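>>> after the sequence you'll find the predicted model.
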Amino acid sequence: MANLSELKAGITSIKDIGKITGAMELVATAKLKKISKRMGNIQTYLDEVYDVFNYIISHSEDSIYLKKPNQILNNTLWIVIGSNLGLCGGYNSSIFKVWKPLVNKKTDSVIAIGTKVVNFCKSNNINIKEEFLDIDVDFSNEQSRKMSVNLLNYFVQKEFDQIKIVYTKFINNVTFEPTVLDMFPIEKKLDENDLHQDLILEPDPETVLTTSVSMYLNTILFGTIIESQVSEHASRRMAMEAANKNGKELSENLSVVFNRKRQENITQEISEIIGGANAQNED
């Protein structure tokens, strides 16, 4: 069993760490509140854009952006959204667990968003096409637009057969789901519950799709990054909250052990004093 000085040092160390994790929890809570507000403000717009483009896609017959029947896809450009910082629970590991079995190290490339994704790719010999280490809660639509322009060029110039996004879907403050989203080529799906039957596409759906596909791509990219940011900070807040709780329990347990050990030492010292006094009296 550890002596009193070691126990006291352990208790002090745990309390000091608790101050750090407590501060990190407050920061994560503030960032989560900020980015959640942004997501709430744009969610209606994103949903409407998705609905309109699904209508356009469902009425398009032939486009370079649509998936052809029995089309063979040889190489993939992955957009993987992770974090720049750690201490966010299983946020990054969950993404890598889902993505790693899908990537082909020989033919695929990655646009890595976050230092954790960059480090994972380097340690697993996965080719990095681009890396972005400046994505945070202030991520702007202009940043997203610049990224989407490059992505569209990669696909149009046939540098990659398909483009996919790996991000963390936000369900609620305690539940996040790693998700793989197919971006290009777009798989045509017929919507039986068409909410835009009154829309007229001029001059034709294919032209409308071609002229507005960059907006569609930008919307998906912006939405998934914002949603991943919400998931990251919610995960970090949960992790720091759990760390604080565990630290307090550990500190209390060590305090009990410390007090018990100190009492044992005091009892032993008293016994020795009494024993010594009795020995003198007997002499």
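Now that the structure is in, tell me what you want to look at. A quick note: this is a predicted structure, and the numbers were derived from the prediction, not measured. Numbers count the residues shown, from 1 in each chain.

>>> residue ranges with poor pLDDT in the stretch 51-200 of the chain?
Across the stretch 51-200 of the chain, the ranges flagged by pLDDT under 70 are 189-200.

>>> and the helices in it?
91-99, 115-123, 141-156 (DSSP state H, counting those that start in this stretch).

>>> which strands or helices does the first one pack on?
Counting contacts by 3 or more CB pairs under 8 Å, 6 or more residues apart in numbering; DSSP states H and E, helix 91-99 is packed against strand 76-81, helix 115-123, strand 162-172, strand 175-184, helix 205-282. (Each C-beta comes from the backbone N, C-alpha and C, glycine too.)

>>> returning to that earlier point: what would the helices of the stretch 51-200 of the chain look like in a markdown table with mean neighbour count and distance to Gln263?
Shown next, in a markdown table, are the helices of the stretch 51-200 of the chain (neighbours: other CB atoms under 10 Å; distance: least, CB to CB, whole Å):
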| stretch | mean neighbour count | distance to Gln263 |
| --- | --- | --- |
| helix 91-99 | 19 | 44 |
| helix 115-123 | 18 | 47 |
| helix 141-156 | 16 | 61 |
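
>>> can I get these in CSV with distance to Leu26?
Converted to CSV, the helices of the stretch 51-200 of the chain look like this (distance: least, CB to CB, whole Å):
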stretch, distance to Leu26
helix 91-99, 19
helix 115-123, 22
helix 141-156, 27
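
>>> to Lys164, which of those lies closest?
Proximity to Lys164 (CB to CB) singles out helix 91-99 among these, at 9.3 Å.

>>> roughly how far is the closest one from the heart of the chain?
Here helix 91-99 shows a centroid-to-chain-centroid distance of 9 Å under the convention CA atoms, centre = their mean, to the nearest Å.

>>> dump the residue contacts of Lys31.
Neighbour list for Lys31: 137, 233 [criterion: CB atoms under 8 Å, 6 or more residues apart in numbering].

>>> tell me which residue is most central in the protein.
Glu232 (4.1 Å; CA atoms, centre = their mean).

>>> pLDDT at Thr266, what is it?
Quick fix: residue 266 reads Ile, not Thr. Per-residue confidence (pLDDT) for Ile266: 79.

>>> of all the helices of the stretch 51-200 of the chain, which lies closest to Val49?
Nearest to Val49, of those and by CB to CB, is helix 141-156 at 12.3 Å.

>>> what angle do the closest one and strand 162-172 make?
Computed by axes from the mean of the first three to the mean of the last three CA atoms, to 10 degrees, the angle separating helix 141-156 from strand 162-172 equals 140 degrees.

>>> for helix 141-156, packing partners?
Using 3+ CB pairs under 8 Å, 6+ apart, helix 141-156 sits against strand 76-81, strand 128-132, strand 162-172, helix 205-282.

>>> right, so the ones you listed: which one is the most enclosed?
strand 76-81 (a mean of 24; mean count of other CB atoms under 10 Å).

>>> which other helices and strands does it contact?
Using 3+ CB pairs under 8 Å, 6+ apart: strand 76-81 touches helix 91-99, strand 109-113, helix 141-156, strand 162-172, helix 205-282.

>>> export these to a markdown table and tack on distance to Arg38?
Formatted as a markdown table, the helices and strands packed on strand 76-81 follow (distance: least, CB to CB, whole Å):
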| stretch | distance to Arg38 |
| --- | --- |
| helix 91-99 | 19 |
| strand 109-113 | 17 |
| helix 141-156 | 11 |
| strand 162-172 | 12 |
| helix 205-282 | 6 |
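
>>> tell me which of those sits nearest to Ala28.
Between Ala28 and those, the tightest spacing by CB to CB is seen for helix 205-282, at 4.0 Å.
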